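Enquirer: Model the structure of this input:
(one chain, ligands or ions: 2)
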Amino acid sequence: MQYLSTRGEAAPRDFEGVLLAGLAEDGGLFLPESWPSLSAAEWRGLRGLPYAELAARLIHPFAGESLSFETLRRMTGEAYAGFGHPAIAPLVQLDARCFALELFHGPTLAFKDMAMQLLGRLFDHALAQRGERITIVGATSGDTGSAAIEACRDRSAIDLVMLHPEGRTSEVQRRQMTTVLSPNVANLAIQGSFDDCQDLVKAMFNDAPFRLEMRLAAVNSINWARVAAQIPYYAHAALALGAPDRPVAFSVPTGNFGNVLAAWAVRQMGLPVERLIIGANRNNILARFLASNDMSMRPVEPSLSPSMDIQVSSNFERLLFELLGRDGAATAAVMGRFRAEGRMPVPDAAWREATGLFHGFTLDDAGTLGEIRHLWQAAGYLADPHTAIGTAAARALAPEDRSIPVVVAATAHPAKFPDAVEAAIGLRPPLPPRLADLYEREERYSIATPDLGTVEALVRSHARRN
Ligand SMILES: Cc1ncc(COP(=O)(O)O)c(C=O)c1O
Ligand SMILES: N[C@@H](CCOP(=O)(O)O)C(=O)O
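Expert: Residues are numbered from 1 along each chain as shown. Ligands and ions are numbered 1, 2, ... in the order given. As a prediction, this is how the structure comes out:
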């Protein structure tokens, strides 16, 4: 399988090349040159498989010759062995047609573990074979950071520098990152928003000499391997609810557009996904786009769902590339104007096509608290603020055909956001025993301005610390 850049200029790569490259050299994002597609009979044959086996079977077509199936199957087996639920990603019924797909049973209590536990193993394998080292630079609004740190800590061939927006994650999220004192891990609190952090990461990749010197690699969803590893759980849920013989809809609380892109990929692979519902907090650039083709940047505002405090949704570029008929030059032009003018000029036909499948929903903080309360009272279900936006969106925008189930991506454990949950229902969800002493652990991180030179110097000094 070869991968193309959404901006059409970078040389095609295989899966391992894409895994290690992260962002394409032309600033674009890699996508498979064609979508693996399964027949209805092939999909039926995957029903009932254990999660790790299903993951190996669905990810392998994306890896192609880079990785043998047996090696990948061993990795998925190991990746999910430590999860806290035997089903790995259980489906919990919330009402007659709405299901929560719980993606937070991994080591750091958020959906990021579903991909990151595999990504760490993919890096180990590729680096050992090549005898190489990498420096991972990442941006997080709260969850990618701890999942990446957990997956890559104490690795001799990996240095990891994670940028988070200072004071804009929950305290649990921050401590899950900054209390990991492994020598190969460094945390930078950037005096800005998540968008500033993500811009800095992309700017480091676009600084060719620095990228080469540091052997930069990515753990954000700009790395295609991250998205590929998020595909199986949507298939797992759809198959359990009767696909391919019954259509399903997904509702996904959305920020960087990586998670919902994985749901869209399952449709590209042949499963009947009827509708994709995008839940947003007040940072609702995607919902505004879907409502009125208004993809205009606004300053990021803090909310009770901090992991979605994002205005520049990186992965939208991958969808845009498809909507523009895989025309790299056209995609580069639209993205260039977005950068320069703060407004993305999506052609009307492309916007209309997107609105045929994607539906956007916005919920403010008061609504989020109300939804947590509603779920608790009506279903006895304790949701985190991000998941609550997904369930509210599902209720508001479910397909008219009531036989179609709606699966909500439950993206984080409520214990990661105890203040919001307590404000909603008066109960403070406890951390699991292995994290019970999180508030007593020593924290270590540096504070930096959102300045490329400053951040590159900090990354360099971390990578050269020995
Ligand atoms: C808990 C939680 N929910 C939702 C999201 C949004 O997901 P995405 O950025 O893939 O759209 C994130 C961030 O990734 C998150 O951490
Ligand atoms: N919400 C994310 C932001 C980064 O998204 P990613 O999917 O590109 O890694 C977070 O919690 O860090």
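
Enquirer: Most proximal residue of the stretch 101-250 of the chain with respect to ligand 1?
Expert: Per CB to the nearest ligand atom, the residue of the stretch 101-250 of the chain with the smallest distance to ligand 1 is residue 143, at 3.3 Å. In short, each C-beta sits where N, CA and C put it, glycine included.

Enquirer: What pLDDT does the model give that residue?
Expert: pLDDT for residue 143: 98.

Enquirer: Ok, residue 42 next?
Expert: Model confidence at residue 42, given as pLDDT, is 98.

Enquirer: How about residue 465?
Expert: Each residue has a pLDDT score; the one for residue 465 is 79.

Enquirer: element containing it, please.
Expert: Applying DSSP states H and E as the criterion places residue 465 outside every helix and strand.

Enquirer: so it touches residue 161, yeah?
Expert: No: between residue 465 and residue 161 no contact is recorded; they are 11.2 Å apart, counting by CB atoms under 8 Å.

Enquirer: which one of those two has more residues nearby?
Expert: Taking other CB atoms under 10 Å, residue 465 and residue 161 do not tie; residue 161 has more neighbours (24 against 10).

Enquirer: Stretch 71-87: which residues count as buried?
Expert: 72, 73, 75, 76, 79, 80, 83 (16 or more other CB atoms under 10 Å).

Enquirer: for residue 119, what are its contacts?
Expert: Going by CB atoms under 8 Å, 6 or more residues apart in numbering, residue 119 touches 19, 148, 151, 219, 223, 225, 226, 229.

Enquirer: could the residues you listed be laid out in TSV, adding neighbour count, pLDDT and distance to residue 389?
Expert: Listed next are the contacts of residue 119 as TSV, based on neighbours: other CB atoms under 10 Å; pLDDT from 0 to 100; distance: CB to CB, whole Å:
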residue	neighbour count	pLDDT	distance to residue 389
19	26	98	31
148	29	98	23
151	28	98	26
219	31	98	24
223	27	98	25
225	26	98	27
226	27	98	22
229	24	98	23
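
Enquirer: is it true that the residue of the stretch 101-250 of the chain closest to ligand 1 touches residue 173?
Expert: Yes: taking contact to mean CB under 8 Å, the distance of 6.6 Å between residue 143 and residue 173 places them in contact.

Enquirer: Identify the contacts common to these two.
Expert: Counting by CB under 8 Å, 6+ apart, the contacts common to residue 143 and residue 173 are 307, 416.

Enquirer: Could you check which of the two has the larger neighbour count?
Expert: Neighbour comparison, residue 143 and residue 173: the larger count goes to residue 143, with 28 against 25 (by other CB under 10 Å).

Enquirer: which non-adjacent residue is nearest that one?
Expert: In space, residue 143 comes closest to residue 110 once its chain neighbours are excluded; the distance is 3.9 Å by CB to CB, 6 or more residues apart in numbering.

Enquirer: buried set for stretch 396-409?
Expert: Applying a neighbour-count criterion of 16+ other CB under 10 Å, the buried positions in stretch 396-409 are 397, 398, 399, 404, 405, 406, 407, 408, 409.
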